[in-house]
Structures are given as C-alpha cells and as structure tokens.
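Q: Quick one, what's the 3D model for this:
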Amino acid sequence: MRHYNYDKVTRKYLGHAKCQLCPITKTPLFPASSTPIAPPKCGKDEFQVFKDGQWSIEIDHRKRVERDPENLILVNGLAVVASEEEKASRAQKKEEKRLKSEADSIISSLKQIAWERAWESFLSEEEKNTLLEAKKLLKS
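A: As a prediction, the model looks like this:
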C-alpha cells in the first residue's frame, strides 16, 4: 500500500512511498504528514494541496512575471523594485500616451472648426445669424 506525503507547513504534495507494515498487527503505518488518499492529476502551473482531509488543486504563481503600477515588478511571486531604467521607460510611455491624447483632441477641435467654417461659407448672412443664435442657446 502507498502513502502520499505532503509538506507539514504548506501541505503541498511531495511524493509517495510504500507503507511499512506494523510487525505486530500487520496493518499499514502512515507517517506524519501523509495520507492513503491519492492526489488528483494537475496541469501546468498547478499543484496539489491536502486540506481538510482531501486534495485540492491550486494555481502555481511562482513562475509568473507581473507588473504592478507602483514601480514594482513581480518575479516568481516576489516583489522586486523596478530599475531606474524601467521607471524611466514607464514614465516615457505614460508621457507619450498623454501627448498623443492631447494631440488627438486638438486635431479633433481643428477639424470641427474647419468644418464649421467651410459650412458657413455657403450660408447667407441671415442663416449665419440664425446659426449663431442656435449655438448661443445650446451653450446656455
């Protein structure tokens, strides 16, 4: 008979071994932090944990690299302060995004003004005055 070992602190599956038999009763002996229950199969980036008398599957975040907005980089689940080069690169990208947004807004405004001026060139004086009154009403 096999027993399945797990870490006594993290309760993560460690491996299996053959049970020793009691010399008197001939029943299997299970060491501490082991169980006769076989763990389920798990996929990539997962591991088995023995909790509350049963196995469960948990996600393994140790090999993941994530970035968070506070100038930290998460590497293998540990927070590492970003280098000055990384911080400068982030600041530059943020500034480029802000400038592009501002430029897009200005271009949009200029297109609107050009369209209105082109349209107004076809209007009579009376129609221009009516349009100006309508704009005033919309603003108020």
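
Q: And this protein, split by domain according to the record?
A: Described in terms of automatic domain parsing, the domain architecture of the chain consists of the residue ranges 2-59, 67-139.

Q: Quickly, which of those domains bottoms out on average pLDDT?
A: Within the domains of the chain, confidence is poorest for domain 67-139, with a mean of 77 (mean pLDDT).

Q: could you dump the domains of the chain to CSV with mean neighbour count?
A: All C-beta spots, glycine's among them, are computed from the backbone N, C-alpha and C. Supplementary listing: these in CSV, determined by neighbours: other Cβ atoms under 10 Å:
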stretch, mean neighbour count
domain 2-59, 13
domain 67-139, 11
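
Q: residue boundaries of the strands in this structure?
A: In order along the chain, the chain carries the following strands (DSSP state E): 2-6, 13-18, 20-21, 28-29, 34-35, 46-51, 54-59, 65-68, 72-75, 78-81.

Q: of all these, which lies closest to Ser121?
A: With distances scored as Cβ to Cβ, the stretch of the strands of the chain nearest to Ser121 is strand 65-68 (52.2 Å).

Q: Now distance to Lys111 too, for the strands of the chain, in CSV please.
A: As requested, the strands of the chain are exported to CSV (distance: least, Cβ to Cβ, whole Å):
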stretch, distance to Lys111
strand 2-6, 66
strand 13-18, 63
strand 20-21, 83
strand 28-29, 81
strand 34-35, 70
strand 46-51, 53
strand 54-59, 49
strand 65-68, 36
strand 72-75, 41
strand 78-81, 44
